[in-house]
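Engineer: Below: sequence and its predicted model.
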Amino acid sequence: QGDLVESGGGSVQPGGSLKLSCAASTYISTSYCMAWFRQVPGKEREGVAAMDSDGVTRYLDSVQGRFTISQDNGRNNLYLQMNDLKPEDSAMYFCAARAVPCGYGGTFNYWGQGAQVTVSS
């Protein structure tokens, strides 16, 4: 069992929906910034959505209004609801966590193993 474990990836047609889940180990503090990233082979990893411990959320422009990041009350599980999926959303999705608030630059300390999302007709 890793620090963060994703589930819920899969294949879907354009316009469909998927929900990713990420289970966090208990030692990942409730004060952490939790986020979702995605990466396509040959391209840089990009941040998709992030949530601070105070509930403030941030989204990549291209997913704003289609994706929703959320957590359960205990902050042990992070979710990414993805609606109206497009072929360009296809990627390996990773959840990540760090002690520094989301609005600051810098790296993430904890990473999941990734969940593949494929959007095609």
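Structural biologist: Sure, I can see it.
Engineer: center of this structure - which residue?
Structural biologist: residue 36 (2.2 Å; CA atoms, centre = their mean).
Engineer: Surely that one touches residue 92?
Structural biologist: No. Contact criterion CB atoms under 8 Å: residue 36 and residue 92 do not qualify, at 11.2 Å. Yep, even glycine has a C-beta here, placed from its N, CA and C like the rest.
Engineer: returning to what we had before: how much space separates the residue nearest to the centre of the chain from residue 121?
Structural biologist: Distance, residue 36 to residue 121, by CB to CB, to the nearest Å: 24 Å.
Engineer: give the contact list for residue 83.
Structural biologist: By CB atoms under 8 Å, 6 or more residues apart in numbering, the contact set of residue 83 is 17, 66-68.
Engineer: Which entries within those meet the buried criterion?
Structural biologist: residue 67 (16 or more other CB atoms under 10 Å).
Engineer: Same list (the contacts of residue 83) but as TSV, adding pLDDT, distance to residue 54 and secondary structure.
Structural biologist: Formatted as TSV, those follow (pLDDT from 0 to 100; distance: CB to CB, whole Å; DSSP: H, G, I helix; E, B strand; the rest coil):
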residue	pLDDT	distance to residue 54	secondary structure
17	98	27	coil
66	98	24	coil
67	98	20	strand
68	98	17	strand
